[in-house]
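In: Give me a 3D structure for the following:
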Amino acid sequence: MELVTQRYNNQRLVSMMHAKNLCCVPAVKKSDASLLRQLINHVSNHINALKALSLNVPIQDLMLNHVLLSAFDAETTRMGASNSCT
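Out: Sure, this is the predicted structure:
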């Protein structure tokens, strides 16, 4: 139970996962209304989830943070995460 609480009460982790999902939107073929609806639902769900977290950071900053962090290797990302917690 503690593991679940740690994972889902971690606003930083939850917000970064939503930002990641916003950057990975599904492809839409040119005349497919159902895929367009899926895209709109995908984006709306993640934006609404981020708004519900009531963060003090704009959504576009979270997305930019995700894009920049994804450019780093795993070791550099871990080092950055451990330094930000201190």
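
In: Look up how far residue 35 lies from the most centrally placed residue in the chain.
Out: The chain has residue 19 as the residue nearest its centroid, 2.1 Å off, counting by Cα atoms, centre = their mean. Residue 19 is 22 Å from residue 35, where distance means Cβ to Cβ, to the nearest Å. Every residue, glycine included, has its C-beta placed from N, CA and C.

In: cool, and residue 5?
Out: 37 Å.

In: cool, and residue 47?
Out: Applying Cβ to Cβ to residue 47 and residue 35 gives a distance of 19 Å.

In: just to revisit the earlier point, could you check which helix or strand contains the residue nearest to the centre of the chain?
Out: If you go by DSSP states H and E, residue 19 is part of helix 11-23.

In: For that helix, buried residues please.
Out: 14, 15, 16, 18, 19, 20, 21, 22 (16 or more other Cβ atoms under 10 Å).

In: which residue sits farthest out from the middle of this structure?
Out: residue 31 (28.1 Å).

In: Helix or strand for it, just tell me which one.
Out: Secondary structure assignment for residue 31, by DSSP H and E: no helix or strand.
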